[in-house]
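**Q** Just a sequence and a predicted model for now, questions to come.
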Amino acid sequence: MSIQFYNTISREKEAFHSINAGKVRMYTCGPTVYDFAHIGNYRTFIFEDLLRRYLEYRGYDVTQVMNVTDVDDNTIKRSRERGISLTALTNEYKSAFFADLKTLNMQAAHHYPEATNYIDQMIVMIEALEQKGFAYKAADGSVYFNIEKYGHYGKLAHLNPEEMIVGNRVVEDNYEKEGARDFALWKGYKSEDGDVQWDSPWGKGRPGWHIECSVMSTELLGNHFDIHCGGVDNIFPHHENELAQSVCSTGEDFVNYWLHSEYLLVDNKKMSKSLNNFYTLRDLLNQGYPADAIRWMLITTHYRQKLNFSVARLDEAQKAVNRLREFTSKLAEYEGLGSNAATEQIATARKQFASAMDDDLNISGGLGAIFELVRWGNRAMDQTELSTSGAQALLELMSSFDHVLAVLKMDSGLMREVDDKFIESKLAERVKARADRNFAASDAIRDELAALGVELIDTAEGTKWKQK
Ligand code: AMP
Ligand code: ZN
């Protein structure tokens, strides 16, 4: 059976076929870097990590793009509140985000485009929309997308025609489905924007949030690609508008499969900045909850089900991870004289795991297959029924499952003491990474230290550091 994904646009599970055989191109809407991401945001990012890892497990070569929203209504507002430049604000939270991704053991995306590096391409896309009659400049100096011109507007979010207010406009990035109107592609300059402005054929201004993702996705993945993801709150208006802009500007299809993950809740309400009911990753680490338990808690509820955050769930999660680790340690040390090579059990577990996960990432079914194997393996070791080669084969299977789950070798992420010795050891690692020309590793060390409040200064005499 092929992989099936629930496609938001059709509201049905569909067989997954990639555009190019064996290759998947996926775009995942990334963070808006005006504050620390909360673990609700990480639920969505970890779902995307799980999706990519599972596609890789099934043999696909995946290219993932995750954008960084470094200019929008929120980032500008916050930089002004804090009295710092937009770049100073966004750099701070970009570093924190990349450090968190590592702590949560997410695979790095292949590209992390930043919106402010794609302004020229955004202008080109808006010009194309204008030329094709989908965009118009209004008296406020902004350029809007005319939703009435595009006959399929509302197809993704399944809008009722009554929900569309034709001939009316919205300049804000976020608004309700009931208020679907012409939306801003380019926002004419306002004094609240401070020094955040670019020249354009329509005068000074800045891009709308939605055009950013249409441009960064098509620039890096091509006009038509396989998968686009985000949280359910991205369906409207963000993805609806992205779809309209992309299809109307390129004249081609945009995305084949739209996948959206459900909310992480607190006391049955969406975890969000605006409700002030959120936990950041560092809040939880500082309270002593390890990153592996957090990752496990976030991946083990099906992505289309709401998940209520609770500390009790983290304790349960830790127990489950420990069980898997104890099993693999026991396998690694096992030297039994049994004759059972576990061939049948391995084949069954592999088959059951894949058939569950193929069904729209049915994680409970997948974990059911793994824990069934753990129960059997523990019994077979206790009764010295298992052969040594069987233990090795089981270990290899666990390691291939762990390509998907990515918890077995994970660090707890709990705050190490940031003493001079720790910093010096990290600096030495960075010197080595740079000597090996592994700049990704060297940047990751800089980010890790930045997240711990340590700033590095490269000088002619080598790297110096200071506590921020
Ligand atoms: P933002 O940084 O606000 O653009 O959000 C980044 C991602 O987190 C988006 O894909 C949102 O849909 C997602 N998101 C925001 N809040 C939650 C939540 N409580 N649970 C799950 N995903 C969320
Ligand atoms: Zn986006």
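**A** Cool, the structure landed. Being a predicted model, the structure only gives us computed values, none of them experimental. Ligands and ions are numbered 1, 2, ... in the order given.
**Q** okay, CA-based contacts and neighbour counts for the rest of this
**A** Fine.
**Q** Is ligand 1 within reach of the host helix or strand of residue 79?
**A** Assigned by DSSP states H and E, residue 79 falls within helix 73-82. No - Helix 73-82 does not reach ligand 1 (CA under 6 Å from any ligand atom); its nearest approach is 9.1 Å.
**Q** again with stretch 53-68
**A** No - Stretch 53-68 stays clear of ligand 1 (CA under 6 Å from any ligand atom), getting no nearer than 8.7 Å.
**Q** Residue of the chain closest to ligand 2, please.
**A** Per CA to the ion, residue 29 is where the chain lies closest to ligand 2, at 4.0 Å.
**Q** Report pLDDT for that residue.
**A** pLDDT for residue 29: 98.
**Q** check contacts around residue 71.
**A** Applying CA atoms under 8 Å, 6 or more residues apart in numbering, we find residue 71 in contact with 86, 115-116, 209.
**Q** Recalculate using a threshold of 10 Å.
**A** 32-34, 77, 86-87, 90, 114-116, 196, 206-209, 212 (CA atoms under 10 Å, 6 or more residues apart in numbering).
**Q** Can you pull the phi/psi pair for it?
**A** Dihedral angles phi and psi of residue 71 (degrees, to the nearest 10) take the values phi -150, psi 120.
**Q** Ligand 1 versus that one, what's the distance?
**A** Shown here: residue 71 relative to ligand 1, a distance of 11 Å by CA to the nearest ligand atom, to the nearest Å.
**Q** distance between the lengthiest strand in the chain and the chain's centre?
**A** Secondary structure of the chain per DSSP state E: the longest strand is strand 180-188. Distance of strand 180-188 from its chain centroid, counting by CA atoms, centre = their mean, to the nearest Å, is 26 Å.
**Q** Walking through the stretch 1-150 of the chain, point out its helices one by one.
**A** Here the stretch 1-150 of the chain has its helices, by DSSP state H, counting those that start in this stretch, at 39-57, 73-82, 86-103, 119-131.
**Q** Remind me what the third one packs against, helices and strands.
**A** Identification of packing neighbours for helix 86-103 by 3 or more CA pairs under 10 Å, 6 or more residues apart in numbering; DSSP states H and E yields helix 39-57, helix 73-82, helix 281-286, helix 291-299, helix 439-451.
**Q** Report all helices and strands that the shortest one contacts.
**A** Right, the one you point to is helix 281-286. Applying 3+ CA pairs under 10 Å, 6+ apart, one finds that helix 281-286 makes contact with helix 39-57, helix 86-103, helix 291-299.
**Q** go on, the second one?
**A** The helices and strands touching helix 73-82, judged by 3+ CA pairs under 10 Å, 6+ apart, are helix 86-103.
**Q** the inter-axis angle of the helix it packs on versus helix 291-299?
**A** Angle of helix 86-103 versus helix 291-299, following axes from the mean of the first three to the mean of the last three CA atoms, to 10 degrees, is 90 degrees.
**Q** Next up, phi/psi of the residue of the chain closest to ligand 2, please.
**A** Backbone geometry at residue 29, expressed as degrees, to the nearest 10, gives phi -60, psi 130.
**Q** Tally up the residues packed near it, please.
**A** Number of residues near residue 29 (other CA atoms under 10 Å) recorded here: 23.
**Q** so how far is ligand 1 from it?
**A** Distance, residue 29 to ligand 1, by CA to the nearest ligand atom: 6 Å.
**Q** Can we start the residue count at 56 from this point?
**A** Shifting the count to begin at 56 puts that one at residue 84.
**Q** Please tell me how far residue 355 sits from residue 417.
**A** Distance, residue 355 to residue 417, by CA to CA, to the nearest Å: 9 Å.
**Q** again with residue 148
**A** 33 Å.
**Q** Tell me the residues of the chain that contact ligand 1?
**A** Residues of the chain lying close to ligand 1 by CA under 6 Å from any ligand atom are 84-87, 95-96, 98-99, 285-289, 317-320, 325-327.
**Q** rerun at 5 Å
**A** When proximity is defined by CA under 5 Å from any ligand atom, the chain lies next to ligand 1 at 86-87, 95-96, 99, 285-286, 288, 318-319, 325-326.
**Q** OK, contacts around the nearest residue in space to residue 223 that is not next to it in sequence?
**A** Distances taken as CA to CA, 6 or more residues apart in numbering put residue 236 closest to residue 223, at 5.5 Å, once the chain neighbours are dropped. Residue 236 makes contacts with 199-203, 218-226, 230, 292, as judged by CA under 10 Å, 6+ apart.
**Q** and if you look at residue 494?
**A** 485, 488, 500.
**Q** quick check: mean pLDDT across the strand or helix carrying the second one?
**A** Element membership of residue 488, judged by DSSP H and E, is helix 475-490. Rounded to a whole number, the mean pLDDT of helix 475-490 is 86.
**Q** Report the strands that pair with the longest strand of the chain, each with its relative direction.
**A** strand 198-200 (antiparallel), strand 219-225 (parallel), strand 260-262 (antiparallel) (DSSP bridges).
**Q** What residues does the protein have near ligand 2?
**A** Within the chain, the residues that sit near ligand 2 (CA under 5 Å from the ion) are 84, 268.
**Q** Which parts of the chain belong to which domain?
**A** 59-336, 366-459, 471-523 (automatic domain parsing).
**Q** export these to a markdown table and tack on distance to residue 342?
**A** Listed next are the domains of the chain as a markdown table, based on distance: least, CA to CA, whole Å:
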| stretch | distance to residue 342 |
| --- | --- |
| domain 59-336 | 10 |
| domain 366-459 | 11 |
| domain 471-523 | 13 |
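**Q** Select, out of those domains, the one closest to residue 350.
**A** Nearest to residue 350, of all those, is domain 59-336, at 6.1 Å by CA to CA.
**Q** okay, how far is it across that closest one, tip to tip?
**A** End-to-end distance for domain 59-336, by CA to CA: 32 Å.
**Q** before we move on, what about stretch 288-307?
**A** One end of stretch 288-307 sits 25 Å from the other (CA to CA).
**Q** And for stretch 225-242?
**A** 10 Å.
**Q** In that stretch, which residues are buried?
**A** Buried residues in stretch 225-242, defined by neighbour count with 16 or more other CA atoms under 10 Å: 226, 228-229, 232, 234-242.
**Q** Show me what the mean pLDDT comes to for the longest strand of the chain.
**A** Averaged across strand 235-243, the pLDDT comes to 97.
**Q** Then stretch 101-114?
**A** On average, stretch 101-114 scores 98.
**Q** Which positions within it qualify as buried?
**A** Using 16+ other CA under 10 Å as the test for burial, stretch 101-114 gives 101-112.
**Q** so which residue of the stretch 106-255 of the chain comes closest to ligand 1?
**A** Using CA to the nearest ligand atom, the single residue of the stretch 106-255 of the chain nearest to ligand 1 is residue 124, 7.4 Å away.
**Q** Name the nearest residue to that residue, ignoring sequence neighbours.
**A** Distances taken as CA to CA, 6+ apart put residue 87 closest to residue 124, at 4.5 Å, once the chain neighbours are dropped.
**Q** Wait, the one you found touches residue 123, no?
**A** Yes - in this structure, residue 87 is within contact of residue 123 by CA atoms under 10 Å, at 6.3 Å.
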